[in-house]
Every structure is written in C-alpha cells, then in structure tokens.
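Student: Curious how this folds, go ahead:
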Amino acid sequence: MAYASLVSLEHTAHLILDHHKYSISADEREQITSIREYVIFLIPFLENLPEKASRLEGKIRDLANEAEDLIELFMWNLFQKSWDVEISRVELEGQLNRVREKIGSITGDLMDDRICNLPAAISSSIVAASGKNDVVIGLDEDLLAIKDRLCGSSKLEVIPIIGMGGIGKTTLALNAYNDSLIMEYFHIRAFIQVSQDCSAEEFLTKLLASIKLAEEKMLGEKKESGIAENVCNESVIAEKVYKRLKGRKYLIVVDDIWSTKAWDDVRNIFPDDRNGSRILLTTRLSDVATYASSGSPLHEMKFMDENQSWYLLKQTMITNGEDCPPELEDIAKDIARSCSGLPLTVVLVAGILSTVVKTQASWEKIAKNVNSVVDGQVDKILSLSYRLLPHHLRSCFLFMAAYPEDHKIKVSRLIKLWVAEGFLKRQRGHKSLEEEAEEYLEDLVKRSLVLITSRKSNGKIKSCSLHDLVRDMCIRKAQEEKFLLTDKYVLPYGRKDERRISIGHSRFDEIRSPTIHTILCFAKSVDGSSLAVVVTFRLLRVLEVMHYRDSLPPQLFELFHLRYLALSFTEKIPAAISNLENLQTLIICSGQRYTHVTLSHLPLEIWRLPHLRHLIFPGSYALPIPADRPTLPLEKLHTLTGISDFVCTERILEMMPNLKKLGFSTSVHSFHNLANLHQLEKLKIRSFSWEGPDLAFPTTLKKLTLVGVRLPWKDMSIVGSLPNLQVLKLKDNACVGDTWETSYGEFPQLKFLLIEKSNLENWVTEKDHFPRLERLVLRHCWFLQEIPDSIGEISTLELIEVYNIRNSSLMESVRKIQEDQQSYGNDALHVRYSQADEFIR
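Tutor: Below you'll find the predicted structure:
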C-alpha cells in the first residue's frame, strides 16, 4: 500500500512546511523538502507500478510510513513543548537523513527500471467451445430476459451482463448461447473469452477461430488445416471476420471484457445489416458495459436467495454423481445459506461435499468453515478485481475491511474518513476532496466490489456494503499489506508496526502499537477509563467510538494529530477542543432524539480550529457568537448540521464563507442573509412559526428541507425560482394554507418532491411547472383531494409514492393517473402505496 503511504506523507510534509506555527531549522526544512520532492516524483510513477514490483512497493510503503511517523512525532513534541524537544530535533535530523537517502536510492532504481507488463489473467469463465452448460438454478428469469432481448428488434444490439466475479455471468451467457431456439434463430454464433491484457489481434484471432469452428459444426465437416490458419496482420484478420459476418444474422458472445479500449479495438468489425444480429458481453465493470451498450439497458446479475442456493447445491451434487442423504439435508441447507448467494461458491462447495464422507461430523465441519474450504479458488477470482484496481482506489477499498459483517456503511462518514486518512491527493481547481472521494466510491461500485444498499433522494449513494466473500478477501489483503488489522487477526499483544485497527471490544489497553493512526471501535459500550488510554497513541488521526457513554477524558485533547473524531456524547464540550488544531471532522451523536436532550453551548474555542471541514451535531448544541476581532473565519468548513438556536447574522455567515451543507433549528426568522452563502448546496431549516417575508436563498442550492416553518404556500414562488434546486422536502406543516398554485418557469431542475404532514387541500399545477420531476412522495397529506392529472403527464416522472393514506379521493386520483398513463402506453410510471408508517429522509 505504498501509494496511500506516499500521498499521506506528502500531506504531512506540506503541513509542516507551510504552517507558520512550526519553528523548524533550515537543515530540518531542507530534509523534509527533499523527502517531499522524492514523494511527489514517486506518486505518479507508482500509479503505473506493476504487480511483480510489489516487493519494492513494500519497501516504499515502510519507508514512507517511517518518515511520516518521524515528522509527526516531532510536530507532537513541538505542540507539547516537551523538555526533550531539542533531543528530538537531533534525533530527527539523523533519522530523517537516513530515510531520505533510502527513498532517494529507491527513486533512482525506479528511474532505471520501468516494468510495464500487467499480470496474466485469471478467469472464472467456462470454456465455451465444449458446448457444455452449467447447472442453471435461479437464472430462469434472467435467461428468459436475455433470450427475449436476443430475439427482439432488427437493429444490431449490444447486450451487457454485469456483476461481480463468480455470480454467474458466464453461465447465463453460455446457456443462452447453447439454447436450442437461439441456435436455430441465428445463422452463425461465436463465443470468445477475453482476458484483461488481450490485444486486438488476439481478440480477432479468437473470434475468427470460433466462427470457423461454428461453420464446421454447421456443415458437419472439419478442414484439414483446422482453425490455426496463418494470417498476415490485424487488418487482414478484421477483414476476414467482417466478411464472414456480413449479411448473416450472428450472435457473438464476448466473455469477461475488462476495458473500453478492448471494445473500441473491435467494435467496427461487426456489420449492422438490421437483421437482428446481437453481441452479448459479460463484464464486472459497469462503465465498460455502459460504454459498449450505447444506451441499451444493462442486465445486472443478482445474488441467489436461500432456496435457490440450496437447489443449486443439490443439483450440482447430482450432476457430480452424488446425492444428498435425507438425514444431512438440514446441514446441507446451512452450508448453502453460508455461501452468501454466490453461485461459484455453491458449486465449489458441492464439489467438496461430493468427495467427503457423508457423515454428520464431516459435513458439520464444512458448514463451520465454508469460506476457508473454498478460499483458494474463490480468492483467485475475487483477487483479480483487486489486483487490477488503480493504486488510488486500493487504500479506499481496503479501509472498508474495518466494518463488521453485514454492516451498512454510511457513505457520508466513509468519505470523511477517507479524507482524514489522507487517501486523496490534494486537488487543484474547483473539485473538493469529498467530491473526488464520491467518484472513487462510484468507481468501486462499477467494478462490482462494493454493493449499494440505499440511495439518497438526489440519486447519490447513501449506504453501501461488501459481499461476505469480498469482505473476507478485503480483510486478508488489508492484513497482508500491513494496512489494517481487525479483531479477526488481532494478536494478544498486538503488533508494533500497525497503523489502523478495527475492534469490537472496548479494551483499548490491548492495543500495543506506538504507530497506530486509526481506531474504529464498534463495541456496544465504552467508558471514560478505556478512552483515556488513547493518549498513548500520540500519532492518532482517526477515532470513532459510537457507543461512548461518559464524560470526555482530558487526555483526549492531547491528541494533536487527530483529524477525525466521532463519539456518542451528550455532555458539554470543553474549551480544550482548541488543542486539536488539526481536526477536520467532529461528529457528535446523542443516541436519542435531540428534542429530549438538554441544550449545550459549544465553546467559543470551536472557532480556533482552522482545518475544520465538518461539524455534525444531534441538534442539542448551540453555536457561540465569535468576538468582533480576533477570530479568523473557518474557511475550510463545508458542513454544519444539527445546530440549535442558530441566528443567521451577517457576522456569523461571514465566518463560514464556503459552507456547502447547513442544517439548523431556530426561533428567529431572518433568513435573507443565507443568500450570501455562495457555495451552499444543501439546507435544512427547522422552525415552528413564520413571521416572514424575510426569506432568501442562494441560487447554488440543490437540496432544501423545511420543517415546521409554516411558510404560506404563495411564498413558495421564492423556492420555485431557485435555478439549481433538485430536491425539495416539506415536512410538518412546512407550508400553510389550503391551496398551492404553481406557475410556469418554477422548479426548472426539481427531480424529487416530498410533502409530509401537511394540511394542503388543493394543488393547482401543470406538467410544465415541474418539467424534470422524477419522484413525488406524499406522506400524511390528510386533506389533499387529488393529485392533478397533469402530474402524470410529466415525461420524466418515474414514481409516485403515497404513504399512510386513508384519504379515498386522493388514492382514487393516484389510481386514475396510473391507469390513464398505462392506456397511453406509458409503462415507465410506477405507483407505490403503503399503509406502514415509513419515514422518508
């Protein structure tokens, strides 16, 4: 994990060199500058470092970590004003010089040794030339859907099948390819497997060979020359392929394609004679699938349920010439359940069961160790996706090993953690580190390594998780790379060189490593005495303890390098918070609804944290008003939420000029100053009366939530005029009056509209008043008579959701809209009803 270590070291070196508070000598500055220059060279070079240079990568990682630890330890001593700071300086000069020389030596070696080849491919695909199909369990609907698309329109269509390794993409493609009806439907078929390093010439040669083999089978003859006919070059092969396909209805299966370039190299050899030809491709990468499909829908593979897993296990054993004894069925079902819905694992386990003694003891042993008995074979497949990750994504992926099994990872926090860890290179330009991190996560999703568990109202990822087998691989890799240690691998006395640890207990005193930078604690309860031990971790950057129920120990505020602090806490935050001057993120969770928590005032010293990016509270803290002169603005602050008794004075908002997300409750109704927040994108206001019309919003706003504000419906024109608003949530009588009448030109970009707990009776609108609306949610709209028919005519509308409604006239209007749209051929509009008391966030 050299890349992450180098990026983090560059951050730290930049911090000490640019910060006026650190008094360092000319020699120390020269050494740190020299190390930073080497790092700046190595980072882009390492992005292309091949797998077989991994031994050298390990040396770079260890040296980068050592250099960073030395610099951070020195900075800590300066902060503490320790009596031995001069000795530390003498030691620093010698040790940094030694590290600098070693990094310089490696840099020189790398400049002379540029290895460019990628590792050989490992494929989970099945050799298709044999024509043998795998057992198809749980794929009936998938197979019907693929066959339906194969026999559809006359134009040439690319049909992508996407999913993680081992989920059954190749099995599905192979069964469609060898289906008797499909064989009769197409004049010529070819099946080729593509590795990640496959050249265009190799691709074309394989395709030509497959076409010839198909022709020989069709004609019932075999040429003496076989399929190894020599051809001159790539263009000659391409011409031969094109001529063989021209004028014929063909089906080409391209299995396991890894890049858009591989598709670009061959896409033009497939003629479109508008005769119903098809190209079926499988891939783990959604961006490759989307690129090749040119707008055609992607077919995404799903995990099997428990019944499908059990049936596949039983049928695979029968295929292998074995059967499951009735007395062992319950154990076998447990084994199938442990395979986590991944067909490859089920098939591998079935193979193992077919070879062992059919006794309860032997099968119970397998049931307890399903992952370990198939690790070697599954790991080859899943590890390929990891090995092909760009270096900048590896650390982000491995960090996810910290989360417990089946844990829904909150993306907003994950991104803040990545930033605090220093995984992202400092950006030049308009894109923030958090925005870059969001793109990293989307990339991991596209590579089928991360699963989306929920999305936000704006379509972005809200929570995610790892498949059990991917998580096991992730944990192993994190340990092998000396990146992160979890409970699964924690030794009784820890390890000396560990940097990150994830624990499910509160025994912090068992962590022995002096180099620890990150502690994520998922224990159900942690007290003050346990937390006080963290002072021994002088280099700690990240501390998350979400079940803490005690006062904050003073030792916590000695952690000078702390960048991320997340705690469950309800008491007063002390002035000593200002000691944490490198703090980027402070998250306080009360563990209960804020209306039942005593209001606390944040210390004035909160304004003395220059690196703050995110302040997130449970609604029980009030922000202090800064003094007139001495306080500098928090220019890096992007998020401020959960603040009580907030006053939108010009002075306060000037102290936070770059806010992107703001959430507060207030009893003072003077909001016109909000228009001065020119970076604000998300705003949530909670209030319980309206004294308007002192209301204005910045034009940059993309998401607005109003709770209990009691704004007259006629004043919603102020909101409707916002040019970039995409999400609008109106809760708890956010607007009052019996009629809402909209106008043309309002809500030009609105995609999501929620009205919850409202006394609205009449809604007067037209379809062009919400020209881009995609989702409409109504919850507890007790008196609303109907949804206007024109809402159903909005071309972009995909879903109407009505929750907990006992209003028969409203329900009838929703049904009428759906029926009318279906009669017009609009099957894209869906309607969802629920009597459950669900909550839309």
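Student: Can you give me the end-to-end span of stretch 544-564?
Tutor: Separation of the first and last residues of stretch 544-564 by C-alpha to C-alpha, to the nearest Å is 8 Å.
Student: quick one: contacts for residue 748?
Tutor: By C-beta atoms under 8 Å, 6 or more residues apart in numbering, the contact set of residue 748 is 723, 771, 772. In this view, the C-beta of every residue, glycine as well, is placed from N, C-alpha and C.
Student: ok, now with 6 Å
Tutor: Contact analysis of residue 748 by C-beta atoms under 6 Å, 6 or more residues apart in numbering lists nothing.
Student: For it, which three-state class applies?
Tutor: What DSSP: H, G, I helix; E, B strand; the rest coil gives for residue 748 is coil.
Student: From residue 680, how far off is it?
Tutor: 18 Å (C-beta to C-beta, to the nearest Å).
Student: Return the residues in contact with residue 153.
Tutor: Counted by C-beta under 6 Å, 6+ apart, residue 153 has zero contacts.
Student: again with the one 3 residues further on
Tutor: When contacts are counted by C-beta under 6 Å, 6+ apart, residue 156 is found next to 272, 277.
Student: Against residue 176, how distant is it?
Tutor: For residue 156 relative to residue 176 (C-beta to C-beta), the value is 17 Å.
Student: Give me the phi and psi angles of the nearest residue to residue 562 once chain neighbours are set aside.
Tutor: Nearest residue to residue 562, sequence neighbours excluded (C-beta to C-beta, 6 or more residues apart in numbering): residue 580, at 5.1 Å. Phi and psi for residue 580, reported as degrees, to the nearest 10, are phi -90, psi 60.
Student: just checking, residue 784 touches residue 759?
Tutor: No: Residue 784 sits out of contact with residue 759 when judged by C-beta atoms under 6 Å, with a separation of 8.9 Å.
Student: low pLDDT regions in the stretch 351-500 of the chain?
Tutor: Within the stretch 351-500 of the chain, the stretches with pLDDT under 70 are 351-352, 354-355, 369-378, 380-381, 384, 427-429, 488-496.
Student: quick one, strands of it?
Tutor: 409-410, 451-455, 461-465, 485-486, 500-503 (DSSP state E, counting those that start in this stretch).
Student: between those, which one is nearest to residue 517?
Tutor: When those are compared by C-beta to C-beta, strand 500-503 sits nearest residue 517, at 6.2 Å.
Student: circling back: neighbour count: residue 784 and residue 759, which is higher?
Tutor: Counted by other C-beta atoms under 10 Å, residue 784 and residue 759 do not tie: residue 784 has more neighbours, with 23 against 13.
Student: Next, the closest residue to residue 294 other than its chain neighbours: secondary structure please.
Tutor: The shortest distance from residue 294 to any non-neighbouring residue, by C-beta to C-beta, 6+ apart, is to residue 158 (6.6 Å). Following three-state DSSP, residue 158 is assigned to strand.
Student: Contacts only, for residue 158.
Tutor: The contact partners of residue 158, by C-beta under 6 Å, 6+ apart, come to 279, 292, 293, 296.
Student: ok, what's across the strand from it?
Tutor: Following DSSP bridges, residue 158 is listed with bridge partners residue 279.
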